[in-house]
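In: test case, fold it:
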Amino acid sequence: MTELRKRGAGGPGGGDPDSAENISDKEADGEEKLGLPSEGEGDLEGDCKADTPDVPPSSDNTPQCLNKALEGLSSRWKNWWIRGILSVTMIIGFFLIIYLGPLMLIFVVMSVQIKCFQEIITIGYRVYHSYELPWFRTLSWYFLICVNYFFYGETVADYFGALVQREEPLQFLVRYHRFISFALYLAGFCMFVLSLVKKHYRLQFYMFAWTHVTLLIVVTQSHLVIQNLFEGMIWFIVPISIVICNDIMAYLFGFFFGRTPLIKLSPKKTWEGFIGGFFSTVVFGFIFAYLLSQYQYFVCPVEYNSETNRFAVGCEPSDLFVMQEYTLPAVAQNILRWKTVNLYPFQIHSIALSTFGSLIGPFGGFFASGFKRAFKIKDFADTIPGHGGIMDRFDCQYLMATFVHVYIASFIRGPNPSKVLQQLLVLQPEQQLSIFNTLRNHLREKGMLPPAVLEQ
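Out: So this is what the prediction gives:
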């Protein structure tokens, strides 16, 4: 097809070198140099090595002391011990961060988000590096800053109303937050259009889409993680722990009992690991939910205290975290010889969270596996020995975070008094007084105001 177009352009009457057909030829030539399939080539992935650009393989950065201690083991068992030791280390670090409080958790989520974004963008940069596309990396990071400014600005407006009311510069930023966010994005959009270079149009639009899909997958969902955290640390800790447990137990069941392949995208995944991980995770989630539901530190919403300039975690626990008695079905009564059981309602919700994390959550990992196979790489990076990059560890976490956010909004959350109060504090005094009078009249009609208040 390309050859026919070239002949047509060179035939009688010549042709405009900048015509649409010739530009298409130049873009096709660029794609052939890059190794992307053109018209007429085979559609099957892997038919030709040139179908996928070469990406340098990840290097092994396992600590020398570990390599030396495990040098007598086979590669299978060596990898098992490396993954196990690093997993225990990361779990200990995770609980240490929880101990340091909500603010540290927010910083960790931001750091993980930036690292995941960097890993995915670096893959694109390596693939298209030979073309030296103008401003690609600069614009990618610029868009990351813009999107974070938008999301975290929304968070400040929702949860830090008292602080905003006290600081005049913040009042201006909050009032015009969305306009400023749009203006910043628009500036990046214009810079991208100005950076377009002849012969590389299509590749530049590929990378524009690459950056925006990465922002959608990483930044948007990491923002949901922080939203879940403000609902109560238990909504942050339990879902993350469920995914970690499922990952570990599926690996252990697959390692020792795995015989039946589960999916072609991940040849090492087995049905035995998948099923064993499911049952183990449901049991773990149920017990872990019981333990955390007993402490206000975990179940109370995270609120900003303007007097101490710190996050406060203290409240009267909602009914979700108050022990209740449930009557068992007749079948369960005959088996267990119990008529009733005492449970926290959140334990019942934990079953739904564990089920999603075990049955649907792994598809986030399968999606990541397909992405890596498309570019013939083993891992997103080599940050964590035996595990790969940060994105390799958080591919299921982001999907889980989105589910938890939707689950809370659909089945748990009612009106949030703290959030409403923060929004009221940003209003003008006249608006606040009007709302106060309306609320007072409403409560008076319901007979809920004490006599002292009515006399006033």
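In: C-alpha only now, for contacts and for neighbours.
Out: Will do.
In: pLDDT score for the residue nearest the centre of the chain?
Out: In the chain, the centroid-proximal residue (C-alpha atoms, centre = their mean) is Tyr398; its distance is 2.9 Å. In this model, Tyr398 is scored at 91, pLDDT.
In: which ones are touching it?
Out: Tyr398 makes contact with 217-218, 221-222, 225 under the criterion C-alpha atoms under 8 Å, 6 or more residues apart in numbering.
In: considering these, which possesses the most neighbours?
Out: Ser222 (26 neighbours; other C-alpha atoms under 10 Å).
In: how is Phe94 assigned, secondary-structure-wise?
Out: Here Phe94 is recorded as helix under DSSP: H, G, I helix; E, B strand; the rest coil.
In: helices and strands of the protein: which one bottoms out on pLDDT?
Out: Here the helix or strand of the chain ranked lowest by mean pLDDT, DSSP states H and E is helix 2-10, holding a mean of 41.
In: still on that earlier bit, now render the contacts of Tyr398 as TSV, adding secondary structure and distance to Trp338.
Out: TSV is the format used below for the contacts of Tyr398 (DSSP: H, G, I helix; E, B strand; the rest coil; distance: C-alpha to C-alpha, whole Å):
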residue	secondary structure	distance to Trp338
Ile217	helix	46
Val218	helix	47
Gln221	helix	42
Ser222	helix	43
Val225	helix	39
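In: buried residues in stretch 239-259, which are they?
Out: Of the residues in stretch 239-259, 239-255, 258 count as buried by neighbour count, 16 or more other C-alpha atoms under 10 Å.
In: now do stretch 420-439
Out: Within stretch 420-439, the residues that count as buried by 16+ other C-alpha under 10 Å are 422-426.
In: lowest pLDDT pick from those?
Out: Gln422 (67).
In: measure Gly258 to Arg393 for me?
Out: Distance check for Gly258 against Arg393: by C-alpha to C-alpha, to the nearest Å, it reads 21 Å.
In: quick one: the helices in the stretch 251-400 of the chain?
Out: Assigned by DSSP state H, counting those that start in this stretch, the helices in the stretch 251-400 of the chain fall at 271-292, 296-299, 330-336, 345-359, 362-374, 390-407.
In: now do the second one: which elements does it pack against?
Out: It refers to helix 296-299. Contacts defined by 3 or more C-alpha pairs under 8 Å, 6 or more residues apart in numbering; DSSP states H and E place helix 296-299 against helix 233-257.
In: for the record, mean pLDDT for the helix it packs on?
Out: The model assigns helix 233-257 a mean pLDDT of 94.
In: tilt between that helix and helix 271-292?
Out: For helix 233-257 against helix 271-292, the angle by axes from the mean of the first three to the mean of the last three C-alpha atoms, to 10 degrees is 150 degrees.
In: centre of the chain to helix 233-257, how far?
Out: Centroid separation between helix 233-257 and its chain, computed with C-alpha atoms, centre = their mean, to the nearest Å, is 16 Å.
In: relative to helix 390-407, how tilted is that helix?
Out: For helix 233-257 against helix 390-407, the angle by the same axes, to 10 degrees is 130 degrees.
In: name the residues that touch helix 233-257?
Out: Residues outside helix 233-257 that contact it (C-alpha under 8 Å, 6+ apart): 102, 225, 228-229, 269-278, 280-281, 284-285, 288-289, 292-293, 297-302, 353-354, 357-358, 361, 396-397, 400-401, 404.
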